[in-house]
Structure formats: C-alpha cells, structure tokens
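*Asks:* Okay, predicted coordinates and the sequence, questions at the end:
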Amino acid sequence: MAITVRNLTKLYGDEKAVDNISFEVKSGEILGFLGPNGAGKTTTMKIITCYMPPTSGTVTVDDLNIADHSLAVRRKIGYLPELNPLYLDMNVVEYLEYAAQLHGMEKARINHQLKEMIEVCGLHDVRHKDIGELSKGYRQRVGLAQAMIHDPDVLILDEPTSGLDPNQIIEIRNLIRHLGRAKTVILSTHILPEVQATCDRVVIIHEGKIVADGTPNQLQQDFQGSEVLTIELKASASNPMEELFPKIKSHHEVLSADYQPIGDGMHRITVKLNQGNDIREKIFRQAVAEGWVLLEMHRKVTSLEEVFHKLTVTPADDSRKAMETQTL
Amino acid sequence: MTANLNFNNVKPIFLKELRSYFNSAVAYVVIVVFLLIVGWFFTSDLFLMDVASLRMMFEIIPAVFLFVIPAITMRLVSEEKKSGTIELLTTKPLMDAEIIAGKFLAAWALVGIALLPTLLYYITVAVLGSIDNGPVIGGYVGLLLMAGVYVAIGLFASSLTENQVVAFIIGFVFVFALYMLDKILFYLPGWLASAVEFLGIDYHLSNISRGVIDTRDVIYFISALIFSLYLSVLSLQRRSW
C-alpha cells in the first residue's frame, strides 16, 4: 500500500500552505512527518485522507488516484485527525460501532473487530463509559481504535501524542509501533524524540516545502558539521600535559584542539574533528600504551533536534519572534 | 448526485442522530412543547367555545414549527464543524449526500414523532362528535411536507456555520420569510402577487389542508425540500479552504 505524493500544492487564498511537495511512503513503512506548527503537515494529511482537494498535484494510495477513486481510497485509510475529535455523548462501544457501520462493515465483522480493538487498545474497563468522561489518554486510544476499526492498510495519524503526559506518550507510541507493523503509517509530530522512537523514515517540512527526507540516522549524518570529542585526562610528572597534548593533536583527523586545566592535575581536551571521524578507539589504545590516566571521553554528534532547528529556523523567524515578544 | 445513494450508508447516520435527540433532552422538550401549545388552543376551543374541532390545531402548528424546527436542526452540522468530528465523518467512505440524507431523515422523523401525540386530540374530537376525515388526513400530510421543507432549510442553515445560535437564527429567518410570503401580498402589485403567493409555503399548506391533495402543491413541497438539501450538500462540500 504505497502512497505517492506528486507536486502537491494547496493555497488558502493567496497563502501557500503546501508548496509543490513530493514524497513517497513505501508499503509497511512508518513515516514521520516533522515540522513546526503551521508548516503544512495537517494540510497534507487532510488532502491524502480526501477531506479536501489539493489546489494542484496528485496523490495516489495503492495506485488509486484520490481525485478519481475517493471512496475506494477512504476505505483503505484509517485517520486520526488533529486534536482527536470525538462524539463526547456516545459511549466507547457505540462510537466504535458507529465508525464501523460508516465503513459499511457487516455485523459479524463489526463484532469481531470491536472485540479486537477493545483488547489491543486496552479499552475493556471503559467500554461502557461516555467518551466525555474519559481521560485524555483513553480518548487518544479511542481515537486510534476508531482509526483502525476497519483494519485499514494505511494509517494517517495527525499528532497522535499531543497533549498527553510522558507515560501516556510512551503507551501510545508502543501501541502505534505494535499496530503499525503490518501497515503503512504516516504520523505527524513536532516532537523530535517521537520520530526517533517510532519512525523508519522522516520527512521534515517547513513553510510548505520539504527540507529533508531520510532515515533519522541519515539525517543526523547529513546535517552534522564537524563533530566534537571531549577527553578528560589526568596529567602526571611522567606524562606532563605539554608532552601529551601534541600527541593527541597530531592525529591526522584532528582539525583543531585545545585544552584547559580543571584542577587536581586534570585537564579537559576539546578536539574538533571532520564529520564522520571517530578517533576514540585510537585515543584509548594510545592511552593504554602510554600509561595515561583517561578519565572521560565523550563524542558529541549533531542531534536530530539540531538538524531540525537548523532546517526550520530562518533569520526571518527569529526577527518575527523578537517582534512577537515585543508586542507581548 | 442523489441518483445512487446507498441506504446502508444513510442508516447508521440516521439512527445515530435520532438516538442523540433522545439521549439529550431535545426530543422530550420538542414533544412536550408541541403537546402543551397545541393542547392549550385545543382545550380553549373545546371548553370556551364549546367546539370540538381540529381547525385551531392545524392553524397553530405551522407557527410552532417556525421556531421549533430550526431548534431541532441547528446542531446537525454546526456541532460537527465546531468539534471537528465533521472531519471524521467526511473522510469515511460516504458521499456527502448520504451524510445530509441521514441527518435530514433523523430530524424529520423527530418532527413526525412529536406530531404523533396530537392524534389524541383527533381521537377526542372523533369520540365527541362526527369528524370529516379528509381535511384531517390532508392536514397531517401537509404538516409533514411543510416540516420536511423546514427541516431541509434548517439543515442548510446549520451547514453554513459552526455556531449553533447563528444556525438557529439563519434557519428561523429563512423559514419565517417563506411562511410570510403569502401574507404580504396586500403590499404587492397584482402581477407580482400571484407569483409570490405560489412561492409562499402557507398557501400550499392551506390548499392541502382542505383535504384536496393537488400535485402542484406536492411538487412545490418536494422541490423546495430537494433544493434545500442540494444547497446543504454543496455547503458541506465547500471545505476547500
């Protein structure tokens, strides 16, 4: 059930919410759709789920064009909209039954799927409660159960963990992992660890444009500049810092190095390296061979957070923020 | 658009909306309001004027419809727009016309259910004296058709906004205008009067209420109803922004 998005553009009046984006989701993949609020994630999802038409461009789900086969596409998709809207005056079972009926499912299949969803999503204890009485975590589970009641091949989840506490976030994430195994999933978020924890691939979108596309690890590597190695050593009379430091600096991968004493004969050495170079093993063997007292060694790579920040904060944003704080 | 509605898709929406009328107080309030208002006029006729007649009932119900029906329909679409559930509903494999049909039928059925207890007054009259059944049947058919038009208009009003109060006011203004059309003929030039009279809903109701079910009147009701439902579907589809 691959999803293909080609040259998708959506205008709201004159404003471009989505600007000529193209990407693909392979069958069985969990794609993280990452971007700051208002980047165009929700708009893209609303178009894929056939909620509203694009201004231009095409989307196909399992080779079916959403414009020509809207009903067939909707049958294949399970959708959790942003903010998880629910009928608060219905109880959990009633609501899930209603969702199933709207998918045209037969009675026997509804009963089977209903049991399964209540089991998988852990809704057994609250199944006869009104949705309005449920906590946010339970509501989110009801929303997920609703999205999957017809066992769709494609799941589209718009910020499935927003507004939950950390424990609930982990629960929902595990649930998505568990349920998404056999499905193609697109989930949007502006929380980075979520992507690293759940997704096979990440698309970063900013001001309606795709600014990065790859696995979480790939993105980290592509966008890290130089990496930094911090070493703490204890110098002694036989190994004074003056002798020791040039030996470290002489490794050919080193761009620059510096050190400072931190008391008690201990020194912190900061080594800048070309990207993708890891000389920790060399340093360790050297330390063993020369009898250095190695206290700590720490390699700092660009985190996905920094990648995200680099990609999505433009100078204009900063000045806009400054203006906002002024007006506040 | 209306050609291939699948009733299996309409049914769950119809049942869900009808159930939510009875789960909330709406259904009971509507039924009680009907019984009280109609009962008041009926019994005052009966005891004060010593007349057992349904004439008063058929005259007062269209006026009661004017504010009761927009109240019944005001939340049908607007509430879903406000809470965002419209997005759930419209991304299910349903046609927009099926959604509108389900909601329309539920509200219309509620009006029908609210009319049922008024049969008590008919029975009373039938027991106390002789009654001509033609106008009674015509009266009920006319009321149901009129209710259908009002519900369709109210549903359209509800689809225009996410605010229930605004939906009520728009719906009320529309049905009130339709109701008043044949009462302002006095102010119009003669050549315009007959056309406006034909557009007024009360004119057709009074034709049917005489017990003569004329196709021209039925066509008027049906086409007004379908036109309003069509506008509702268009309004629901207009979510491209």
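*Replies:* Great, that's in hand.
*Asks:* Pull the number of nearby residues for whichever residue of chain B sits closest to chain A.
*Replies:* Nearest to chain A in chain B, going by C-beta to the nearest C-beta, is B:Gly84, at a distance of 3.3 Å. Using the backbone N, CA and C atoms, a C-beta is placed for each residue, glycine as well. Counted with other C-beta atoms under 10 Å in any protein chain shown, residues neighbouring B:Gly84 total 15.
*Asks:* Then B:Phe34?
*Replies:* For B:Phe34, the tally of surrounding residues (other C-beta under 10 Å) stands at 21.
*Asks:* repeat for the one 10 residues further on
*Replies:* Residues contacting B:Ser44 under the criterion other C-beta under 10 Å number 11.
*Asks:* Which secondary structure state does the nearest residue to B:Tyr203 once chain neighbours are set aside sit in?
*Replies:* Leaving out its chain neighbours, the residue that sits closest to B:Tyr203 by C-beta to C-beta, 6 or more residues apart in numbering or on different chains is B:Asp182, at 4.2 Å. Under DSSP: H, G, I helix; E, B strand; the rest coil, the three-state class of B:Asp182 is helix.
*Asks:* Could you pull up the residues touching the nearest residue to the residue of chain B closest to chain A once chain neighbours are set aside?
*Replies:* If the residues on either side of it in the chain are set aside, B:Gly84 comes closest to A:Pro85, at 3.3 Å by C-beta to C-beta, 6+ apart. For A:Pro85, the contact set (C-beta atoms under 8 Å, 6 or more residues apart in numbering or on different chains) comprises B:Ser83, B:Gly84, B:Thr85, B:Glu87, B:Leu88.
*Asks:* And A:Leu311, how far from A:Gln196?
*Replies:* According to C-beta to C-beta, to the nearest Å, A:Leu311 and A:Gln196 sit 16 Å apart.
*Asks:* let me redo that: B:Thr43
*Replies:* With C-beta to C-beta as the criterion, B:Thr43 and A:Gln196 are 74 Å apart.
*Asks:* higher neighbour count, these two?
*Replies:* Legend: neighbour count by other C-beta under 10 Å for B:Thr43 and A:Gln196, higher for A:Gln196 (16 against 13).
*Asks:* just checking, what packs against the helix or strand containing that one?
*Replies:* Counting by DSSP states H and E, the element that carries A:Gln196 is helix A:192-198. Here helix A:192-198 touches strand A:30-34, helix A:166-179, strand A:184-189, helix A:304-312, going by 3 or more C-beta pairs under 8 Å, 6 or more residues apart in numbering or on different chains; DSSP states H and E.
*Asks:* So for it, mean pLDDT?
*Replies:* In this model, helix A:192-198 carries a mean pLDDT of 77.
*Asks:* Contacts for that helix, please.
*Replies:* A:30, A:32, A:34, A:161, A:169, A:173, A:176-177, A:180, A:187, A:189, A:202, A:216, A:303-305, A:308.
*Asks:* Please pick the buried ones from those.
*Replies:* Among the contacts of helix A:192-198, those classed as buried by 16 or more other C-beta atoms under 10 Å in any protein chain shown are A:30, A:32, A:34, A:161, A:169, A:173, A:176, A:180, A:187, A:189, A:202, A:216, A:304, A:308.
*Asks:* Point out the least confident member of those residues, please.
*Replies:* A:Leu304 (66).
*Asks:* Excluding sequence neighbours, find me the nearest residue to B:Tyr209.
*Replies:* One thing to correct before we go on: residue B:209 is Ser, not Tyr. Leaving aside its sequence neighbours, B:Ser209 sits nearest to B:Gly139 (C-beta to C-beta, 6+ apart; 4.7 Å).
*Asks:* buried set for the helix holding A:Gln196?
*Replies:* Quick answer for helix A:192-198 (16+ other C-beta under 10 Å): A:Leu192, A:Glu194, A:Val195, A:Gln196, A:Ala197, A:Thr198.
*Asks:* next one: stretch A:274-282
*Replies:* By neighbour count on 16+ other C-beta under 10 Å, the buried set for stretch A:274-282 is A:Asn277, A:Ile279.
*Asks:* pLDDT weak spots in the stretch 51-200 of chain A?
*Replies:* The stretch 51-200 of chain A contains no residues with pLDDT under 70.
*Asks:* Torsion angles phi and psi at whichever residue of the stretch 51-200 of chain A sits closest to chain B?
*Replies:* When distances are taken as C-beta to the nearest C-beta, the stretch 51-200 of chain A reaches nearest to chain B at A:Pro85, 3.3 Å away. The phi/psi pair for A:Pro85 (degrees, to the nearest 10) reads phi -70, psi 140.
*Asks:* Next: A:Asn239.
*Replies:* According to degrees, to the nearest 10, A:Asn239 has phi -130, psi 70.
*Asks:* Spatially nearest residue to it (excluding sequence neighbours)?
*Replies:* In space, A:Asn239 is closest to A:Trp292, 5.8 Å off (C-beta to C-beta, 6+ apart).
*Asks:* Show the model's pLDDT score for the one you found.
*Replies:* 84.
*Asks:* ok so B:Ser232 is a helix residue?
*Replies:* Yes. When three-state DSSP is applied, B:Ser232 is found to be in a helix.
*Asks:* what's the distance between the closest residue to it other than its chain neighbours and B:Ser223?
*Replies:* Nearest residue to B:Ser232, sequence neighbours excluded (C-beta to C-beta, 6+ apart): B:Phe156, at 4.4 Å. B:Phe156 sits 15 Å away from B:Ser223, going by C-beta to C-beta.
*Asks:* likewise B:Tyr121?
*Replies:* Distance from B:Tyr121 to B:Ser223, by C-beta to C-beta: 31 Å.
*Asks:* Among those two, which residue is more densely surrounded?
*Replies:* B:Tyr121 (22 against 11).
*Asks:* tell me which strands and helices the helix or strand hosting the more buried one is in contact with?
*Replies:* Using DSSP H and E, the element containing B:Tyr121 is helix B:119-128. Counting contacts by 3+ C-beta pairs under 8 Å, 6+ apart, helix B:119-128 packs against helix B:26-48.
*Asks:* Averaged pLDDT, whatever helix or strand comes next after the helix it packs on. What do you get?
*Replies:* Moving toward the C-terminus from helix B:26-48, the next helix or strand (DSSP H and E) is helix B:55-73. Helix B:55-73 shows a mean pLDDT of 90.
*Asks:* what angle do helix B:55-73 and helix B:119-128 make?
*Replies:* Here the directions of helix B:55-73 and helix B:119-128 differ by 170 degrees (axes from the mean of the first three to the mean of the last three C-alpha atoms, to 10 degrees).
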